[in-house]
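Novice: Fold the following and give me the result.
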Amino acid sequence: MKSLLLFTAFFAVVTSGCSKEDSNPSNQDLLTSGTWKLTAVEADEDGNGSYETDRYAGFSDCFKDNYITFHSNGELELNEGPTKCDPGDPQTMTASWQLTQNETHLVFANDEYKLEELSASTLKWKEEYAGGRSSIATFTKR
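Specialist: Below you'll find the model as predicted:
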């Protein structure tokens, strides 16, 4: 009886550390947990490390309402949102995506983006260009 109690106590201690509440979601889990809307784009035009240009301010409203959905099967859906810039464009387009470099880089449409931040509500990726220039796009969970 004593060994049964010890086994039960040991089992309870071991399995209590395995709850899903204690685990951190992977970047794939975070990306695929909803849809993402672009809310900011900042650019470092001169490569000095300071993001001095607000590119988002120049985007048309019909582009600002677009959103992206990442599906766990490696497909993403780009949705034109409520207002399409060109009524003749399809409402949605699809592409494949993948996380690389230990889930720190996102690749789709033949472009690679470094994940600067990814949480349950915010996605920030960085795109680098020649001459040390770069831009950071910020998406917010819808």
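Novice: per-residue confidence at Ala12?
Specialist: In this model, Ala12 is scored at 37, pLDDT.
Novice: Using the three-state scheme, assign the nearest residue to Ser119 once chain neighbours are set aside.
Specialist: Sequence neighbours aside, Leu30 is the residue nearest to Ser119 in space, at 6.8 Å (criterion: CB to CB, 6 or more residues apart in numbering). Every C-beta, even on glycine, is put in place using the N, C-alpha and C of the backbone. On the three-state scheme (DSSP: H, G, I helix; E, B strand; the rest coil), Leu30 is labelled helix.
Novice: correct me, but Leu30 touches Ala120?
Specialist: Yes. Judged on CB atoms under 8 Å, Leu30 makes contact with Ala120 at a distance of 6.4 Å.
Novice: more neighbours, those two?
Specialist: Neighbours per residue, other CB atoms under 10 Å: of Leu30 and Ala120, the larger number sits with Leu30, 20 against 10.
Novice: Pull the contacting residues for that one.
Specialist: If a contact means CB atoms under 8 Å, 6 or more residues apart in numbering, then Leu30 has Leu118, Ser119, Ala120, Leu123 as its contacts.
Novice: how does it look with 7 Å?
Specialist: Contact criterion CB atoms under 7 Å, 6 or more residues apart in numbering gives Leu118, Ser119, Ala120 as the residues in contact with Leu30.
Novice: ok, now Met93?
Specialist: By CB under 7 Å, 6+ apart, Met93 lies in contact with Leu78.
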